[in-house]
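Enquirer: A structural model of the following input is requested.
(chains A, B, C and D)
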There are 2 protein chains.
Amino acid sequence: MPANLDAIFAALADPTRRSILTMLLEDDMAVTDVADPFHMSLAAISKHLSVLAEAGLITQEKRGRVKWCKLEPDALRTASVWMRGFGQFDPLDLDDFERFLSAELAQPEAGGLAPRTPEDI
Amino acid sequence: MPANLDAIFAALADPTRRSILTMLLEDDMAVTDVADPFHMSLAAISKHLSVLAEAGLITQEKRGRVKWCKLEPDALRTASVWMRGFGQFDPLDLDDFERFLSAELAQPEAGGLAPRTPEDI
DNA sequence: CGCATATTCAACCATCCGGTTGACGATCCC
DNA sequence: GGGATCGTCAACCGGATGGTTGAATATGCG
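Expert: Predicted coordinates for the structure are as follows:
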């Protein structure tokens, strides 16, 4: 069961966390590997992952000494569905997303799809 | 131009603010009228409206001594488009939203689609 | 065993957030 | 002009948030 909207949107409000989600889109990852691109302590990333987990946006499974993080799209769907209540805007235009993505990548500091590297800060 | 995702998601993370957006879906409203259903000071609501405005989710226009608040769906679309990047979940199922809505309304304190009335708190 | 790796815990800090109250500035209207 | 209404500003408060560091807990491996 996805967590409530408060937690979901709050989790999405941080660029580091959105970057993490984007990374996890690629593949499941261990905590250390998630932390790698960020110039931030491992503990900080661990906290971010807890926030994402409590929001239901990811799940974590410990295998051996490494804890694997997995994207959980259900929570995102919950939020997306809420937004659709504001149905005044058109059905999704995928090209929209392409354009948005390029804009994001062109200036990573602005929106946080790209992992933040030291240069960004 | 919609504000950045940080501001948008942060604005959406508060149930009072989501309620306000839902109310504005109905019609444009004056600040005082927005504040009416909440048992909270006018100043607090004024701040919430500022947050929504800075996120680009609403615009405010002063006519005479009353300031009208208007929903701005573009910012919401920005966030929605971002979410679609996580395209692993199905295209929108409108029934999904119906079900979600009923659940929300059955227990308003849980998610904040219904304006919070004094009884809720 | 004993060391290295993976991750969290605990304490701490600065800042932000959501709320309050009281004073203030505009505007309408008699 | 002057009172009522609309809304914001400023100061304050408690609690959450995002980060740090250092110690602690597992787990894997030679």
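
Enquirer: could you pull out the strands for chain A?
Expert: Along chain A, counting by DSSP state E, strands occupy A:29-30, A:58-63, A:66-71.

Enquirer: Mean pLDDT added to those strands, as a markdown table?
Expert: Below are the strands of chain A laid out as a markdown table (pLDDT from 0 to 100):
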| stretch | mean pLDDT |
| --- | --- |
| strand A:29-30 | 98 |
| strand A:58-63 | 96 |
| strand A:66-71 | 96 |
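
Enquirer: any idea how far the residue in chain A positioned nearest to DNA strand D is from residue A:58?
Expert: For chain A, the residue closest to DNA strand D is residue A:64, as judged by C-beta to the nearest atom of the strand, at 2.4 Å. To be clear about C-beta, it is placed using only N, CA and C from the backbone, and glycine gets the same treatment. Counting by C-beta to C-beta, to the nearest Å, the gap from residue A:64 to residue A:58 is 19 Å.

Enquirer: Hmm, residue B:51 and residue A:13 touching each other?
Expert: No: using C-beta atoms under 8 Å, residue A:13 makes no contact with residue B:51, being 11.5 Å away.

Enquirer: what's the overlap in contacts for these two?
Expert: residue B:10 (C-beta atoms under 8 Å, 6 or more residues apart in numbering or on different chains).

Enquirer: Between residue A:64 and residue A:58, point out the one with more neighbours.
Expert: residue A:58 (26 against 7; other C-beta atoms under 10 Å in any protein chain shown).

Enquirer: ok, the closest residue to the more buried one other than its chain neighbours - how many residues close by?
Expert: Using C-beta to C-beta, 6 or more residues apart in numbering or on different chains and skipping the chain neighbours, the partner closest in space to residue A:58 is residue A:52 (4.6 Å). Neighbour count for residue A:52, taken as other C-beta under 10 Å: 28.

Enquirer: residue contacts, residue A:52?
Expert: A:11, A:17, A:20, A:21, A:58, A:69.

Enquirer: Between the residues you listed, which sits nearest residue A:29?
Expert: Lowest distance from residue A:29 to the contacts of residue A:52 (C-beta to C-beta) belongs to residue A:69, with 5.4 Å.

Enquirer: What number of residues are in the vicinity of the closest one?
Expert: If we define neighbours as other C-beta under 10 Å, then residue A:69 has 22 of them.

Enquirer: Then residue A:68?
Expert: Neighbours of residue A:68 using other C-beta under 10 Å come to 17.

Enquirer: Which strand residues bridge it?
Expert: Assessed by DSSP bridges, residue A:68 has beta-bridge partners residue A:30, residue A:61.

Enquirer: for it, what are its contacts?
Expert: Residue A:68 touches A:28, A:29, A:30, A:60, A:61, A:62, counting by C-beta under 8 Å, 6+ apart.

Enquirer: ok, the second one touching residue A:19?
Expert: No: in this structure, residue A:29 sits apart from residue A:19 without contact. The criterion is C-beta under 8 Å, and the distance is 12.0 Å.

Enquirer: how about the residues of chain A that lie near DNA strand C?
Expert: A:30-33, A:42-43, A:46, A:49-50, A:60, A:65-68 (C-beta under 7 Å from any atom of the strand).

Enquirer: List phi and psi for residue A:57.
Expert: With angles defined as degrees, to the nearest 10, residue A:57 sits at phi -80, psi -20.

Enquirer: Return the residues in contact with it.
Expert: Contacts of residue A:57 (C-beta under 8 Å, 6+ apart): A:8, A:11, A:12, A:21, A:71, A:72, A:75, A:76.

Enquirer: For the fourth one, give its distance to residue A:43.
Expert: So the one you mean is residue A:21. 20 Å.
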